[in-house]
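Asker: Let me see the structure of the following:
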Amino acid sequence: MSNVGFIYLKNVPDYRQAELYKAVKAFHHDITLEDKEQMKLKHFNKNNKNRMHGFFPFIDNDPSHKEFYDMSNV
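Answerer: Now for the predicted structure:
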C-alpha cells in the first residue's frame with residue numbers, strides 16, 4: 001500500500017459488485033450539491049459537526065482529482 005496507495009481485496013464473501021457500483025453511481029450522480037454540502041467535513045463546511053467521516057469534495061489543483069465519502073462503523 002505504501003507504493004500504490006490503495007488495497008485490492010479478492011474473494012470477499014457476499015461481495016456484490018453490481019450493487020456497490022449502483023450505490024456509488026447514485027451517490028455521485030443523484031445526490032444534489034446542496035445535500036452533499038450537508039455531508040462535508042467541518043474542514044470544508046464550518047457549519048457541520050463531523051470532523052472525521054463524511055464527504056470530501058473535489059479540491060482545485062489537487063492531483064488526485066477525486067471526491068469521496070468516508071464512513072466508519074466505529
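
Asker: Might you list the low-confidence residue ranges for this structure?
Answerer: 1-6, 73-74 (pLDDT under 70).

Asker: could you pull out the helices for it?
Answerer: 17-30, 33-39 (DSSP state H).

Asker: and among those, the most buried is which?
Answerer: helix 33-39 (a mean of 13; mean count of other C-beta atoms under 10 Å). For glycine as for every other residue, the C-beta is placed from the backbone atoms N, C-alpha and C.

Asker: tell me what that helix is packed against?
Answerer: Secondary-structure packing of helix 33-39 (3 or more C-beta pairs under 8 Å, 6 or more residues apart in numbering; DSSP states H and E): strand 54-56.

Asker: contacting residues around stretch 58-74?
Answerer: 27-28, 39, 52-57 (C-beta atoms under 8 Å, 6 or more residues apart in numbering).

Asker: what's the most distant pair in the residues you listed?
Answerer: His28 and Met52 (21.0 Å; C-beta to C-beta).

Asker: still on that earlier bit, of the contacts of stretch 58-74, which is the nearest to Leu20?
Answerer: For the contacts of stretch 58-74, the nearest to Leu20 is Phe27 (10.8 Å; C-beta to C-beta).

Asker: number of nearby residues for the residue lying closest to the closest one once chain neighbours are set aside?
Answerer: Using C-beta to C-beta, 6 or more residues apart in numbering and skipping the chain neighbours, the partner closest in space to Phe27 is Tyr69 (6.3 Å). For Tyr69, the neighbour count with other C-beta atoms under 10 Å is 15.

Asker: Tyr69 and Lys22, how far apart?
Answerer: Going from Tyr69 to Lys22 by C-beta to C-beta, to the nearest Å gives 15 Å.

Asker: quick revisit: what I need now is the helices of the chain written out in a markdown table, including distance to Asn61 for each item.
Answerer: Below are the helices of the chain laid out as a markdown table (distance: least, C-beta to C-beta, whole Å):
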| stretch | distance to Asn61 |
| --- | --- |
| helix 17-30 | 21 |
| helix 33-39 | 20 |
